[in-house]
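> Take a look and give me a structure for this.
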Amino acid sequence: MIDLAAYAREKGVKYFMISYTDLFGGQRAKLVPAPAISGMVADGAGFAGFATWLDMTPAYPDMLAVPDTDTVIQLPWKPEVAWVAANCIMEGEEVDQAPRNVLRRLVAEAAKDGLRVKTGIEAEFFLLTPDGMAISDPADTAAKPCYDQQAVMRRYDVIAEICDYMLDLGWGPYQNDHEDANGQFEMNWEFDDALVTADRHSFFKFMVKSVAEKHGLRATFMPKPIEGLTGNGCHAHVSVWDREGKTNAFVDATKELSLSDKGRAFLGGIMKHASALAAITNPTVNSYKRINAPRTISGATWAPNTVTWTGNNRTHMVRVPGPGRFELRLPDGAVNPYLLQAVIIAAGLSGVRSDADPGPRYDIDMYAEGHKIEGAPKLPLNLLDAIRMLDADVELKAMLGEDFSASYMKMKMQEWNSFVSHFSRWEREHTLDI
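Residues are numbered from 1 along each chain as shown. Below you'll find the predicted structure:
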């Protein structure tokens, strides 16, 4: 446990951001002066949960965000401030619906089975003009812009600054590139324990947005910010290890794709619950413009719409690119960093405990030949379908926690109702003269 007061004196930190993430992935924080930090570590910083996207009312008691001191990060772009992730409590009890608490509970649940889930994520984002209406680089117009070296170098100042910070933080970043859409980028760092990855994912989004603003730009992780272009995915690479984190439990060279029986069962849980977990991995109305999109300008959406798995083939929902891990390609940029990891563990543990069968492996090009597969479930067409699928999945809801699941679905139904009550330009254009 890091002594934050001593940390502040050593690092020259003047303020701490005590931060938690709400149900919709919004990052909330209080800026606490360093001389007050010891009291916050002991008692927590007070928040009104109703004022953020949590299932509470104004009558609820104070929600206290207690810093997890081991997560402290000095802001590389503003070193006098340090960020620290917090766990939410209320009247001495953990808040069941708080996303970081959901993940911590599932990490502990996996540990009971002697399992340690490790993950890496590929967080894609766009760099837009400050008003968010267009990509920021007017010269970025190629039909196939993926890996475009001129385009990535025109945004070198932003990308290199973020990567330099990750190097300094010891995250092990290893590649950065221009992605498949004009104005889109991806930055990768080393995989780690699920909670560490979630904390870093949360901070990464904060860092990317902050650095973009510093350069007069706007970064967005919105799933489909620009019509006709590839959307922002957040692919997750998943492996499961022994309790000490030294032996990869997914590896068995004698099995298909070197995926062990335990790995197949974990994958079986993902496949079994895929349509329901989409409510969490694809949590917004806009998410379904990405996973059910028509072909993009580049020629492919790079997003799934059917529950299938394969070997090293990017047209399926899950691919096994090499021994010891699989890649879940369903999540998008709007996913809550903590709930992404939580639902992967919940579905995977369900699979391991029931020895779930992932079903047949398909190696076809799903974009060209997907119609040939019979019996594979389709992913939800919209957020309402996804919420209904989650509500029907009693086992997954129980794994995630009944209180969390009820609160999440309630808040998401409110979001859906807000969307469908919105009067759109499309309605006027298509209905005015009927």
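
> which SS state does the closest residue to Gly348 other than its chain neighbours fall under?
Computed as C-beta to C-beta, 6 or more residues apart in numbering, the closest residue to Gly348 that is not its neighbour in sequence is Phe266, at 4.0 Å. Every residue, glycine included, has its C-beta placed from N, CA and C. Assigned by DSSP: H, G, I helix; E, B strand; the rest coil, the conformation of Phe266 is helix.

> isn't Phe266 right up against Ser350?
No. Distance between Phe266 and Ser350: 9.2 Å, which falls outside the contact criterion (C-beta atoms under 8 Å).

> Those two: which is more packed in?
Between Phe266 and Ser350, counted using other C-beta atoms under 10 Å, Phe266 has the larger neighbour count: 29 against 22.

> all helices of the protein, in order?
4-11, 37-43, 99-112, 149-154, 156-169, 194-214, 261-272, 274-281, 337-354, 366-369, 383-392, 394-400, 402-420, 425-431 (DSSP state H).

> Now do Phe125, the pLDDT please.
The model reports Phe125 with a pLDDT of 98.

> likewise Pro61?
Model confidence at Pro61, given as pLDDT, is 97.

> Now do it against Gly26, distance only.
Between Pro61 and Gly26 the computed distance is 21 Å (C-beta to C-beta, to the nearest Å).

> now swap in Asn382 and tell me
22 Å.

> The two: who's more crowded?
Looking at Asn382 and Gly26 with other C-beta under 10 Å, you find the greater number of neighbours at Asn382, namely 17 against 12.

> circling back to that earlier point, for the residue nearest to Gly348, which residues are in contact?
Taking C-beta atoms under 8 Å, 6 or more residues apart in numbering, we find Phe266 in contact with Val238, Val240, Phe250, Gly348, Leu349, Gly351, Val352.

> repeat for Ser260
Contacts were defined as C-beta under 8 Å, 6+ apart; by that measure Ser260 touches Ala249, Phe250, Val251, Asp252.

> out of these, which is most surrounded?
Phe250 (24 neighbours).

> which intervals of the chain have sub-threshold pLDDT?
Within the chain, the stretches falling below the threshold (pLDDT under 70) are 297-300.

> Show me how it divides into domains.
Using automatic domain parsing, the domains assigned to the chain come out as 4-88, 105-425.

> how many neighbours does the residue lying closest to Arg155 once chain neighbours are set aside have?
Nearest residue to Arg155 in three dimensions, chain neighbours excluded: Leu127, at 6.0 Å (C-beta to C-beta, 6+ apart). Residues near Leu127, counting by other C-beta under 10 Å, number 21.

> Quick one: the contacts of Phe266 as TSV, columns for distance to Pro331 too.
Conversion of these to TSV gives the following (distance: C-beta to C-beta, whole Å):
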residue	distance to Pro331
Val238	11
Val240	18
Phe250	19
Gly348	14
Leu349	18
Gly351	18
Val352	21
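
> which pair in these spans the largest distance?
Across the contacts of Phe266, the two members that end up farthest from each other (C-beta to C-beta) are Phe250 and Leu349, 14.0 Å apart.

> circling back: now, of the contacts of Phe266, which are buried?
Val238, Val240, Phe250, Gly348, Leu349, Gly351, Val352 (16 or more other C-beta atoms under 10 Å).

> between those residues, which is closest to Met166?
Of all those, Met166 sits closest to Val238, with 21.2 Å by C-beta to C-beta.

> How much space separates that closest one from Phe16?
Taken as C-beta to C-beta, the span from Val238 to Phe16 is 32 Å.

> swap in Lys372?
56 Å.

> Tell me which of those two has more neighbours.
Using other C-beta under 10 Å as the criterion, Lys372 and Phe16 rank with Phe16 on top: 29 against 9.

> wait, isn't the more buried one in contact with Val84?
Yes. Phe16 lies in contact with Val84 (C-beta under 8 Å); the separation is 5.9 Å.

> shared neighbours, the two?
Applying C-beta under 8 Å, 6+ apart, one finds that Phe16 and Val84 are jointly contacted by Leu4, Pro67, Val72.

> My read is that Gly233 contacts Asp180, right?
No. The pair Gly233 / Asp180 is not scored as a contact, 9.5 Å apart, by C-beta under 8 Å.

> higher neighbour count, those two?
When neighbours are counted by other C-beta under 10 Å, Gly233 and Asp180 differ, and Gly233 comes out ahead with 28 against 23.

> how far away is the more buried one from Glu94?
Gly233 is 31 Å from Glu94, where distance means C-beta to C-beta.

> Who are the contact partners of Leu169?
Applying C-beta under 8 Å, 6+ apart as the definition, the contact partners of Leu169 turn out to be Ile73, Pro76.

> roughly how far apart are it and Arg104?
From Leu169 across to Arg104, the span is 22 Å (C-beta to C-beta).

> swap in Asp68?
Asp68 sits 9 Å away from Arg104, going by C-beta to C-beta.

> Which residues are in contact with each of these two?
Taking C-beta under 8 Å, 6+ apart as the contact criterion, the residues that touch both Asp68 and Arg104 are Asn87.

> Pull the contacting residues for the residue nearest to Arg155.
The contact partners of Leu127, taken as C-beta under 8 Å, 6+ apart, are Ile135, Ser136, Asp137, Arg155, Val158, Gly183, Phe185, Ala212, Leu217, Arg218, Ala219.

> Among those residues, which one has the most neighbours?
Per-residue neighbour counts (other C-beta under 10 Å) across the contacts of Leu127 peak at Gly183, which has 26 neighbours.

> In contact with that one: list those residues for me.
If a contact means C-beta under 8 Å, 6+ apart, then Gly183 has Phe126, Leu127, Leu128, Ile135, Ser136, Asp137, Asp140, Ile226, Leu229 as its contacts.

> hey, what's the residue lying closest to it once chain neighbours are set aside bridged with?
In space, and not counting its chain neighbours, Gly183 is closest to Ile135: 2.9 Å by C-beta to C-beta, 6+ apart. Partner residues in beta bridges with Ile135: Leu128, with DSSP bridges as the criterion.

> Can you give me the neighbour number for Ala398?
Counted with other C-beta under 10 Å, Ala398 comes out at 12.

> Check the one 3 residues further on too.
The burial metric for Gly401, expressed as a neighbour count using other C-beta under 10 Å, is 19.

> buried ones in stretch 182-202?
If you call a residue buried by 16+ other C-beta under 10 Å, then stretch 182-202 has these buried ones: 182-189, 191-202.
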